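Novice: Just need the structure, nothing else, for what follows:
(one chain, ligands or ions: 1)
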Amino acid sequence: MTDRFSFTLLKTDGGARRGRIDMPRGTIRTPAFMPVGTAGTVKAMYPGQVRELGADIILGNTYHLMLRPGAERVAKLGGLHVFANWPHPILTDSGGFQVMSLAQLRKLDENGVTFQSHIDGRRYEMTPERSVEIQGLLDSDIQMQLDECVALPAEEKEIERAMQLSLRWAERSKAAFGDQPGKAIFGIVQGGDNERLRGESASALAAMDFKGYSIGGLAVGEPQAVMLRILEMTTPILPREKPRYLMGVGTPEDIIESVARGVDMFDCVMPTRAGRHGLAFTRFGKVNLKNARHAEDHRPLDESSDCPASRDYSRAYLHHLFKSGETLAAMLLTWNNLAYYQSLMAGIRAAIDEDRFEKFRQTTKAGWARGDI
Ligand SMILES: Nc1nc2c(CCNCC3CCCCC3)c3[nH]c(NCCc4ccccc4)nc3cc2c(=O)[nH]1
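Specialist: Here you go, the predicted structure:
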C-alpha cells in the first residue's frame with residue numbers, strides 16, 4: 001500500500017501505454033475504463049458487482065451530489081466511499097461541464113459559473129475554489145480543475161476565450177487543492193479542434209506540474225477523425241510520466257483508437273445509459289434488444305462469455321424484458337455492457353504487455369464488423 005499518488009509507465013507498444021496508478025485506496029491498472037456512478041455507485045449495479053467486473057475506479061457525480069444530498073451532508077456521513085460503499089478510488093469531475101449541460105439559467109464569468117438547480121431551482125455559485133472544496137468534502141481521490149468546455153463547431157475566438165479562462169481556473173484550482181499527497185488534481189486541456197490553441201493549453205498546463213492531465217473539450221459533437229487528430233498532436237506535448245484521461249469517451253472503437261494515441265483513462269455513460277435503453281455491447285458489435293427481430297432468438301448475447309448476463313439469458317427473454325419495462329432488463333444489460341467494456345480493457349492491457357496491441361486492435365475491430373449477430 002502507499003500513502004501517495006504515483007503513476008508508473010510500465011510498457012509501451014507503439015503509441016499505446018500500459019501503466020499503473022498507486023493510491024492509498026488501491027491500484028488502477030491502465031488503460032482503464034471508469035464506470036460512471038451517480039450517487040457514487042453505478043445505476044442498476046451493486047458496488048460489489050462493479051468491482052468483480054474489474055473496475056479499479058468509478059466516477060462520482062459532483063454536480064448531482066452537491067445539489068442532493070449536498071456535499072456537506074456527504075462529508076458528515078463519512079464521505080462518498082462510506083456513503084456509497086465503494087472503498088476503492090473515486091474520480092470526480094469539477095461539475096462545470098454538467099452545469100453547462102444540465103442546469104438552468106446559468107451565467108459564466110471570470111469568477112466562475114452561477115446557476116439554478118434543475119431539481120428545485122435554488123441558486124448556486126461554482127468557482128474553482130468551491131469546486132475543489134466540494135470534491136474534497138466528497139473525499140474524492142482524483143479531482144478535476146474547474147474548466148469551460150465549448151461545444152463544437154465553434155469560432156476560434158470563442159475557443160480561445162474559453163481555453164484561456166480554463167488556464168486561469170487551472171491555477172486557481174491547483175492553488176485551492178494545495179498539497180494532498182494521497183490525492184491528485186488533474187489539469188484539463190482545452191482548445192477545441194484548433195491545434196494552435198491545443199498546443200498552448202497543453203504546454204501551459206504541463207508547466208503547472210499537475211499530477212495528471214485530462215483532455216477535455218472533445219466528444220462534444222466533432223467527428224471521430226477530428227477527435228483523433230487532436231489526440232495525436234496533444235498527447236506528445238503532455239508529460240510522458242503522468243496519466244492522460246480522455247473525458248467522456250466513449251464507444252469501444254473510440255477507446256481502442258485513443259489508446260493507440262497515448263490515452264490511459266476513460267469515462268463514459270455509454271455502457272450504462274445505453275444498457276438501460278436496450279443497447280447491448282458485445283465482441284460482435286452492438287445489438288438493439290428492443291428490435292423485434294430478437295423476439296424468438298433463443299441465443300444468449302455471447303455464449304462464451306463468463307458474465308451470466310451475457311451467457312445465461314436468451315435475446316428473446318431480454319427483448320421481452322425491455323418490451324415489458326421490467327427492472328431486470330436494465331440490470332442485465334448494464335451488467336453485460338460493463339462486463340464487455342472491462343473485458344475490452346483487460347484485453348488491451350494484456351495485448352500491450354505482450355507487444356501485440358496492433359494485432360489486437362485489428363482483430364477486435366474485425367469482430368465488431370461481423371454485422372448481423
Ligand atoms: N470537466 C469536463 N468534463 C467533460 C466531460 C464530462 C466527463 N464525464 C463526467 C461524468 C461525471 C459523472 C456523471 C456523468 C459524467 C465530457 N464528456 C464529454 N462527452 C460525453 C459524450 C457523451 C457520450 C455518451 C453519452 C452522452 C454524452 N466530453 C466532455 C468534456 C469535458 C470537459 O471538457 N471538461
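
Novice: List the contacts of Tyr46.
Specialist: Remark: with contacts taken as CB atoms under 8 Å, 6 or more residues apart in numbering, Tyr46 is in contact with nothing. Heads up, the C-betas are built off the backbone N, CA and C, glycines and all.

Novice: count of neighbours near the nearest residue to His81 once chain neighbours are set aside?
Specialist: Leaving aside its sequence neighbours, His81 sits nearest to Pro87 (CB to CB, 6 or more residues apart in numbering; 5.4 Å). With neighbours defined by other CB atoms under 10 Å, the count for Pro87 comes to 12.

Novice: residues from the stretch 151-300 of the chain in reach of the ligand?
Specialist: 188, 216-220, 247-248, 267-270 (CB under 6 Å from any ligand atom).

Novice: now with 8 Å?
Specialist: 188, 190, 214, 216-220, 247-250, 267-270, 273-274 (CB under 8 Å from any ligand atom).

Novice: Backbone dihedrals for Ile57, please?
Specialist: Ile57 has phi and psi values of phi -160, psi 150 when expressed as degrees, to the nearest 10.

Novice: for it, what are its contacts?
Specialist: Per CB under 8 Å, 6+ apart, neighbours of Ile57: 26, 28, 32, 34, 88-91, 141-142.

Novice: Need the per-residue pLDDT for it.
Specialist: Here, the pLDDT recorded for Ile57 equals 98.

Novice: For the stretch 151-300 of the chain, which segments count as strands?
Specialist: 184-189, 212-215, 244-246, 265-268, 279-282, 285-288 (DSSP state E, counting those that start in this stretch).

Novice: so can I have a markdown table of the ones you listed showing mean neighbour count?
Specialist: Formatted as a markdown table, the strands of the stretch 151-300 of the chain follow (neighbours: other CB atoms under 10 Å):
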| stretch | mean neighbour count |
| --- | --- |
| strand 184-189 | 28 |
| strand 212-215 | 26 |
| strand 244-246 | 26 |
| strand 265-268 | 23 |
| strand 279-282 | 22 |
| strand 285-288 | 17 |
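
Novice: As a markdown table, the ones you listed with mean pLDDT and distance to Pro47 would be great.
Specialist: Output for the strands of the stretch 151-300 of the chain, formatted as a markdown table (pLDDT from 0 to 100; distance: least, CB to CB, whole Å):
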| stretch | mean pLDDT | distance to Pro47 |
| --- | --- | --- |
| strand 184-189 | 98 | 22 |
| strand 212-215 | 98 | 24 |
| strand 244-246 | 99 | 22 |
| strand 265-268 | 98 | 17 |
| strand 279-282 | 98 | 21 |
| strand 285-288 | 97 | 27 |
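
Novice: Out of these, which gets nearest to Leu197?
Specialist: Leu197 sits nearest to strand 184-189 of all those, at 9.8 Å, using CB to CB.

Novice: hang on, the earlier thing: the contacts of Ile57 also near the ligand: which ones?
Specialist: Of the entries in the contacts of Ile57, none also sits close to the ligand under the rule CB under 8 Å from any ligand atom.

Novice: Relative to Tyr313, which of the residues you listed is nearest.
Specialist: Tyr313 lies nearest to Met34 out of the contacts of Ile57, by CB to CB, at 26.4 Å.

Novice: Make sure that closest one is indeed in a strand.
Specialist: Yes - when DSSP: H, G, I helix; E, B strand; the rest coil is applied, Met34 is found to be in a strand.
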